[in-house]
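> A predicted structure for the sequence below; I have some questions about it.
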Amino acid sequence: MVYVDGQLLPEKDAKVSVFDHGLLYGDGVFEGIRFYNSRVFKLEEHIDRLYDSAKAIHLDIGMDHAAVCAAVCDTIRANDLHDGYVRLVVTRGAGGLGLSPYRCETASVIVIASKITLYPEENYRDGLKLVTCATRRPTADSLSPAVKSLNYLSNVMAKIEAIAAGAEEGVMLNTQGLVSECTGDNVFVVKDGKISTPPVSAGILDGITRRVVIDLAREAGHELVERDLSRYDLYTADEVFLTGTAAEVIPVRVYDEREIGDGKPGPVTTEMMTAFRSLVESTGTEIYS
Ligand code: PXG
């Protein structure tokens, strides 16, 4: 069952107009949210970010915060799921042809709840292969990378490059040539026991998994700094790992053909994977209470 504008519909009946500006112009915002053990992980944070993204593109969601949270939980319940992934999409809605968003009367709110296909288990055990992509992360002077918008084409272009290179993920640089993030994940490095990750000002999505891992690392007594990272910092790191709602915390084995550390997931990465797993299993908004 899929939630579309206040109704829960069977998948085959869940449709949007061909005049929806989400389709015509990529005009809209979204969130990817996970639920574990019948609890939605960081639901409030995701909904807050959705509202911030919508505000930034001058989009009125037309529902309040609590109603969107309820729509997410209702959709999961309607599918009788306990572990999985939610795609929450808000489009500008149907309007005439022409860019103006003012041609669209009301936003469309869509919630899809489903099982998720993660990276295969061996990637969590052995790590991912990463490459640098030629496609740069768009900068805040066009559309802020903090906006989780329906415009993912540069990320898709980078993902095509990564796959063509036989890698699982691609590193996108910002226009200064510094590491921003991967196509759907944030990046962390560990060097001499110290953890670093690019700051939001490097032009990244302010990832919710990133924030959680920053807190977990500091709580565990690790030194963690947000600082500019170059490819050199990744090549010479003892450990590199990625964070994201879909990928969770996942180690990197090789980057641009350079083996990271000894080529095996390191102790800090393993510790963060374990800490993250225990947090997701034990916290979150109850779906069936
Ligand atoms: N950077 C980008 C560009 C993202 O799209 C993240 C970082 C991680 O953020 P969170 O808040 O999830 O920790 C994302 C989000 C997918 C998929 O299907 C992944 C994302 C978004 C959309 C689809 O793999 N990651």
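Noted; the coordinates are in hand.
> Tell me the spacing between the residue of the chain most remote from its centre and the ligand.
No residue in the chain sits farther from the centre than Gly96, which is 30.8 Å out by C-alpha atoms, centre = their mean. Plainly put, Gly96 is 29 Å away from the ligand if you go by C-beta to the nearest ligand atom, to the nearest Å. Bear in mind the C-beta positions are built from the backbone N, C-alpha and C, glycine included.
> So what does the nearest residue to that residue once chain neighbours are set aside have for phi and psi?
Counting by C-beta to C-beta, 6 or more residues apart in numbering, Gly96 lies nearest to Arg103, which is 4.7 Å off, once chain neighbours are set aside. Main-chain torsions, Arg103, degrees, to the nearest 10: phi -80, psi -10.
> wouldn't Arg103 be in contact with Asp27 here?
No - with contacts counted by C-beta atoms under 8 Å, Arg103 stays clear of Asp27, the gap being 10.6 Å.
> The residue of the stretch 51-200 of the chain found nearest the ligand: what secondary structure?
When distances are taken as C-beta to the nearest ligand atom, the stretch 51-200 of the chain reaches nearest to the ligand at Gly184, 3.3 Å away. What DSSP: H, G, I helix; E, B strand; the rest coil gives for Gly184 is coil.
> Compare Arg103 and Asp27 and say which is more crowded by neighbours.
It is Asp27, of Arg103 and Asp27, that has more neighbours when counted by other C-beta atoms under 10 Å, with 22 against 15.
> re earlier: report whether the residue farthest from the centre of the chain is found in a helix, as I expect.
No - Gly96 is assigned coil when assessed by three-state DSSP, not a helix.
> Neighbours of the residue lying closest to Gly177 once chain neighbours are set aside, how many?
The shortest distance from Gly177 to any non-neighbouring residue, by C-beta to C-beta, 6+ apart, is to Ser230 (7.4 Å). If you count neighbours by other C-beta under 10 Å, Ser230 ends up with 13.
> Correct me if wrong: Ser230 contacts Val179.
Yes - under the criterion of C-beta under 8 Å, Ser230 makes contact with Val179 at 6.5 Å.
> got a list of what the residue of the stretch 51-200 of the chain closest to the ligand touches?
Contacts for Gly184 were tallied using C-beta atoms under 8 Å, 6 or more residues apart in numbering; they are 155, 159, 169, 244, 246-247.
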